[in-house]
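Asker: Structural data only, the sequence is not supplied:
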């Protein structure tokens, strides 16, 4: 099918347009809001997100029986895959906005920009999930990156936040520069920016022996540097613990879930549409490369998480480790592998956001992100502690929680392709991860709180519990519900694979 | 009818115990547990007597399916032949008498009801053992009597010696039981059943396999099963528990550790008679012979009246084993029966003496176990005489059991004296009018008969041992009588207080005394009543000078001299009508018997004479003899150092080993996981480029700590300096390119 | 339906307990007791109505669950599972009663977790879908972690995490094996987790599951998972710690049920699904042919000797469990009717007996507040009933005939002797050592002169007797009439033996 | 001038950029290094567009233009963050901004 022209495309571009509109409206309204403490803009953003959500679904409905539509002359593509990620990203954004409302560390003065930036970053991620052209990939990546630099450094007068932003931008700029360099070579070799055509041209050229495999290898590794930086895989992960620790907690949560998801969307599009032909595979066995990267990522993430005392930082490393698990699915050139990634991302969204929400709550209460702050939580706030325990055990991958089902899909996919060693490394890592997750559980349940905190603690509101349950219930139930498996499988089936 | 009677026999005592147990859960007890238990026993006795008429030759077992596994079935059932019937009577009779005796003896004990409940449980277990038709049932009864023995020896568990003794008894017999269990496993693997009788039973199958030649495994199985008997019947080398078991109340010693339970080993061996091969028979005979001598020699130097009797029991049990081992099936069982009565009598008599001495101690009837608190100065002066203290268990002889405190009691306690004298005459083998003479003589004749028949050195040697033991038996038994009942009272104060025991105690003594005369044992003299089973696996050795068809299992033991009966042992079919005596086919037996009888009378006489000289006339001094044969005396005194060996070596090694294992568990096994962790850590450390020689030395938390330390190293790369991070990126890219360029 | 009800009633109970106010502790306990008595009633009903003559599974419920992977909610019972279900359901109320007084804090959470644990255990024994089986297997982990970690002794945190890590380690290997089985069960789309189907497939000539090499590796994966649970040497070191630190009722569950989950898994999965793998490890030939029996032997002797060296009453019982589970392994390694029947019987009996033992230790601990064996002495005079029950439990545990412990042990040995003569004979050392440590303990705690410190020690009370009596009666009944239990699983065992001998 | 010349120059630029980023002890210098990297990419795109694609296809040039725009945006954000850093740490030496680590 021919790509639609720019004007025709606008119809299918409603969600993105709505995001832009919402962002602008938020800024404008913010100018007029007198009471800086009020959460008006936040709720306005939520309303915007709601509209976008409806638009996403409606737009997807317009697909009809077409599997995909190419928009803006082939710049982006609308298909089930992108819709899947859009829904996912909207969920993450919604959660982040809700966290932000409840978080006490965010500066009230800057709320308007903050929410506008959140909406903007969501727009960037939407584009990341649907780009099919090098130009669009680069632009969306940079949109997301630039916005997240600002968000990470959003806490004025907080040196840690500034430091996080500084490290993030330095690291991010180099990584994306490196990626761009790789992209330029891809463009040079194939003479096109379209991923589909790149794949075709690469296949032809390699078959004809007209380009060096080394050039392809370097291009792939340079691209990997950019993508790997987004999903925080070894050796491009080092920014993430520092940034996660320094950034405001809602942003950390957002980065760890949404940014990673968008990164994976990009990764899957890029590698599966661009480099999955057998000729490319023959000259550059990037799946083996990914397998090694994946094993290293989860191992480094888990091991480094072990001694952490700061829960936010611990979750940062845990997030790296989960990136490693997710990459396992990417090692395989199968739809099962991709399906497993998608499913795991859904699961991960709920459990990780849930965990970060508890971190927000405790930070509000204790003013600390340290494990000590969690001592005796079970007696102070049994429901919060119970929810946190569920998130953590789900992150470990213990049935009956959703994390187990996610891992199970990943491992099944890996084993099916005979990567026994990788599955083994992954499973051992799950065992190791139990240790540090259990440390938090231990603090909550097995250790007594200091007298002081025990007495000064404030009860959590009903809204808090309601929001918690929004994360807890899916974390318990997702694995048992068929539709999620189906959904992730349909999303995969539209990907052009060779 | 049979089933009904046997069920009654079993259920009555069981019910008596069950009532106690169930009420116990509610922390109550039946007001008259003693009557309940005794009545149960009397009913059982009556049923046993009725059963006598039901005995038929070659009976079929009455079985029910107990455990069905699909392919394999284990049944439980009764087997009633003449031996069973006689055993039933022996057990129920002795048990009833002991029950009655205990009503007097144990009166006032704080745990009086429990005592009777345990006696009931014991009776049930013992009877179950006796009537079982299969090895599994026997094993069950076997272990249960062991349990009862444990409970009753430790009845006065406040006494440390009793607590030690009961544990020792259980463990020692358990060692033998494990051997028995292995033997059972061998038989089961071979025959797929544990039933002994009936079609498809072990005996039938074993007989059918007669022609298969090599029966080494059968010998091994036989010896292993015999191991159980070694433990339970206190044969060397597992005999040490029985003397210590005298820590239990005296009626218990009489019932369990003299008359019935310890005889169960002999009974079992007799039951296994049909599958004994010549090797296993010889092993049994030797163990029996050696036990007879060792125990008898130890008995000579004991001063504790109950210990003397205990060693005497061990010695007599050895005798019975010897009898079975040489194929004198009937003689062995005959001795079992007679011994049960006269030994029970001896024990109860000694109980009566102890009881008498007890009263004067002011503890009253109610508090025998009070003697743990007894004054120790009595022992102080004893030790001089003792040439050193008695080692290990039972090192302190309670004064009321010490024969050196007794003497001249025959006037004070005439009934006790008379009855005990009868029993002593019986055990010593005083000819003709006492049952012990006949049974012991039957064994001696059996051994000699087998020796002559097979012309076997082994059996001549065994005969010598048996004869020697017989002499010593007479000696130490009369030593006991002389020291206790004759002479001057050695402890006047105690003597003055002594008195005859109440009726409930003397009546059982009298009954048992009557039972020590051969008249009441006539069943044994009826050749048709008790017949030895065939031993298809026992072959006469090549050099035997009897015709090969001669059935050695019937080593004839004729009583032709007095015509009391035809033969103790049955004849094979053709000879049944004639009886054995004077029959040419059994020419070996007649002379053997005569020689044995004459010799046994001589040695018994010698023993009694010497004893008289030493302990009554005091013409000879025991002390001087002891000094002369100091090494031998010391050996006897220290009971051949068995206990020292077991405690010093076996127990110590076991405990040491267990400590070692536990230590191993704490350090090594956890440590192996640790080791894997360490290796992983070192490799990873090298990879990470950070070396640290400090080894994490937590013993248990190793894996976690090691992994943790890796984590610590990994995080150290995270220096916080952004340019380091970027360098890692660059290095990573270069590394990836290099790796895949090389690949 | 009955079966599902039984499994999920405790879960319902958990919800109910959670909804109760925290202050009404008595109510919480009563509600919990009520929700554990229902499964017991249902289990008894199942036990009675179970068709003993039929070989297959009964009360089957099979509804699709996660269709994307052909995962079904497939439950059903055969003789083996119904026996263990009964045990589980029986220990449930007993443990609730045992926890009545000695759980001081957070009784509500305790009871809720306990009910969750019960659902996990019941579901595990009924599951016929491998995935479901695994989910229930893991479901027991979390409550157990908290029950030990929160309500345990002084070193509870360490014990809890050790238990958790060990088990998780085992179960991830099991997960790999499980996925491998799933992937090899057919072409994509036709794959299944259904245990009965998998067993049939594994017995089909030429099927991927029938491959010897595959069977060996899959066997190993599952085996390690279960071995940690059993626990089989050298994966046992979590057990003494967990047992010692856990509260009484949880020790009972741990020893009574959780250990059985390991051996049950061995029977249900390893033996039935991988008969060739099983054959490889216990055919008595080759380098590996004796390995399973050897592990059983090591467990028996090693556990017994370790128990002998303990001075902590509870640790002693814990090590004795290791020894007793060795008999189960030995019996299973024999792969014949006697051995397997013995092993299953031993599983049940050990559940009952070790339950008693831990309860008894708890009774003493509640009174004296320590468990040092050498610190007692002469209690027999002070607490005659308690002593009597303890003696009964000890005797049953050391395999006294007439009590249940003997039958299982004896049958296991009988079966094993047929295949592994030397190892079996050596294993009997365990019987003697077993008698030694129990009698020695009996002597040190109950016999001898009364330790004056415990002059005022109160006798065992009615509530405690109530927890012990059913177990004690079962011990005696099963000792006298083992067919009572064997009837239930005779056909199942015959089936299994046929499968094992078909290869 | 052939394609090779452009590529060599861009490679040199890229390397210099990386070198600057890794070694400079001043945040501004690092920003300059980053700009070098980005510009080397732009050069590449332009060169490839000139030599490898038909003249009517200007997608390469477009990417280069976008690259310039984004580089500018990045520089702006970077400078803002450097300001914040200077405010908080009193220094813009990257090795002194290392409170987050481990």
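Answerer: Ah, there it is. Because the structure is predicted, anything quoted here is derived from the model rather than measured. Numbering: from 1, shown residues only, chains lettered A, B, ... in the order given.
Asker: Grab the nearest non-local neighbour of residue A:24.
Answerer: Residue nearest to residue A:24 in three dimensions, not counting chain neighbours: residue A:116, with 7.7 Å by C-beta to C-beta, 6 or more residues apart in numbering or on different chains. (C-beta placed from N, C-alpha, C; glycine too.)
Asker: now residue C:471
Answerer: Residue C:471 sits nearest to residue C:356 (C-beta to C-beta, 6+ apart), 4.6 Å away.
Asker: Please apply the same query to residue B:255.
Answerer: In space, and not counting its chain neighbours, residue B:255 is closest to residue B:98: 4.2 Å by C-beta to C-beta, 6+ apart.
Asker: same thing with residue C:144?
Answerer: residue C:117 (6.3 Å).
Asker: For residue D:56, see how far away the one you found is.
Answerer: 73 Å (C-beta to C-beta, to the nearest Å).
Asker: circling back to that earlier point, got a list of what the residue nearest to residue C:471 touches?
Answerer: C:389, C:392, C:393, C:396, C:468, C:471, C:472, C:475 (C-beta atoms under 8 Å, 6 or more residues apart in numbering or on different chains).
Asker: Contacts only, for the residue nearest to residue C:144.
Answerer: When the contact criterion is C-beta under 8 Å, 6+ apart, the partners of residue C:117 are C:140, C:143, C:144, C:147, C:253.
Asker: Closest to residue B:125 out of those?
Answerer: Here the nearest of those to residue B:125, counting by C-beta to C-beta, is residue C:253; it sits at 34.5 Å.
Asker: confidence score at the closest one?
Answerer: Predicted confidence (pLDDT) for residue C:253: 93.
Asker: close to chain A, is whichever helix or strand it is part of?
Answerer: Following DSSP states H and E, one finds residue C:253 within helix C:248-253. No - counting by C-beta under 8 Å from any C-beta of the partner chain, no contacts exist between helix C:248-253 and chain A, the nearest distance being 14.5 Å.
Asker: For that helix, give me every contacting residue.
Answerer: C:91, C:94-96, C:98-99, C:102, C:114, C:117, C:121, C:144, C:147-148, C:151-152, C:243, C:314, C:318, C:354-355, C:358-359, C:361-362, C:365-366.
Asker: Quick check: strands, which of the residues you listed are part of them?
Answerer: With strands defined by DSSP state E, no entry of the contacts of helix C:248-253 lies inside them.
Asker: So which bits of the one helix or strand residue B:511 maps to are buried?
Answerer: Using DSSP H and E, residue B:511 maps to helix B:503-515. By 16 or more other C-beta atoms under 10 Å in any protein chain shown, the buried positions in helix B:503-515 come out as B:505, B:506, B:507, B:508, B:509, B:510, B:511, B:512, B:513, B:515.
Asker: Quick one: name the residues of the stretch 51-200 of chain A near chain B.
Answerer: With C-beta under 8 Å from any C-beta as the criterion, the stretch 51-200 of chain A comes near chain B at residues A:166, A:167, A:170, A:171, A:174, A:175, A:178.
Asker: With respect to residue B:651, which of those is nearest?
Answerer: So of those, ranked by how close each gets to residue B:651 (C-beta to C-beta), first place is residue A:167, at 69.7 Å.
Asker: Can you classify the residue of the stretch 201-350 of chain A at minimum distance from chain C as helix, strand or coil?
Answerer: Closest residue of the stretch 201-350 of chain A to chain C, C-beta to the nearest C-beta: residue A:336 (8.3 Å). Put simply, residue A:336 is helix when judged by DSSP: H, G, I helix; E, B strand; the rest coil.
Asker: which non-adjacent residue is nearest it?
Answerer: residue A:413 (4.3 Å).
Asker: Ok, residue A:160 next?
Answerer: residue A:246 is the one closest to residue A:160 (C-beta to C-beta, 6+ apart), at 4.1 Å.
Asker: Can you get me a residue count around the one you found?
Answerer: Residue A:246 has 27 neighbouring residues, counting by other C-beta atoms under 10 Å in any protein chain shown.
Asker: where's residue 292, which helix or strand?
Answerer: As the question left the chain open, I've gone with chain A. helix A:286-305.
Asker: could you do chain C instead?
Answerer: Element membership for residue C:292, per DSSP H and E: helix C:291-309.
Asker: So what's the residue count around the residue of the stretch 201-350 of chain A closest to chain C?
Answerer: Residue A:336 - counted by other C-beta under 10 Å - has 19 other residues nearby.
Asker: Endpoints of stretch C:263-279, how far apart?
Answerer: End-to-end span of stretch C:263-279 (C-alpha to C-alpha, to the nearest Å): 17 Å.
Asker: Report all helices and strands that the helix holding residue B:511 contacts.
Answerer: Applying 3 or more C-beta pairs under 8 Å, 6 or more residues apart in numbering or on different chains; DSSP states H and E, we find helix B:503-515 packed against helix B:82-105, helix B:329-358, helix B:414-428.
Asker: Centre of the chain to the helix or strand following that helix, how far?
Answerer: On the C-terminal side of helix B:503-515, the closest following helix or strand by DSSP H and E is helix B:589-611. On the basis of C-alpha atoms, centre = their mean, to the nearest Å, helix B:589-611 sits 28 Å off its chain's mean C-alpha point.
Asker: Name the nearest residue to the residue sitting nearest the centre point of chain B, sequence neighbours excluded.
Answerer: Taking C-alpha atoms, centre = their mean as the criterion, residue B:232 is the residue nearest the geometric centre of chain B, at 2.3 Å. Of all residues not flanking residue B:232 in the chain, residue B:265 sits nearest, at 4.3 Å (C-beta to C-beta, 6+ apart).
Asker: What is the helix or strand containing that neighbour packed up against?
Answerer: Assigned by DSSP H and E, residue B:265 belongs to helix B:261-271. Using 3+ C-beta pairs under 8 Å, 6+ apart, the elements in contact with helix B:261-271 are helix B:82-105, helix B:112-131, helix B:135-153, helix B:216-232, helix B:305-325, helix B:329-358.
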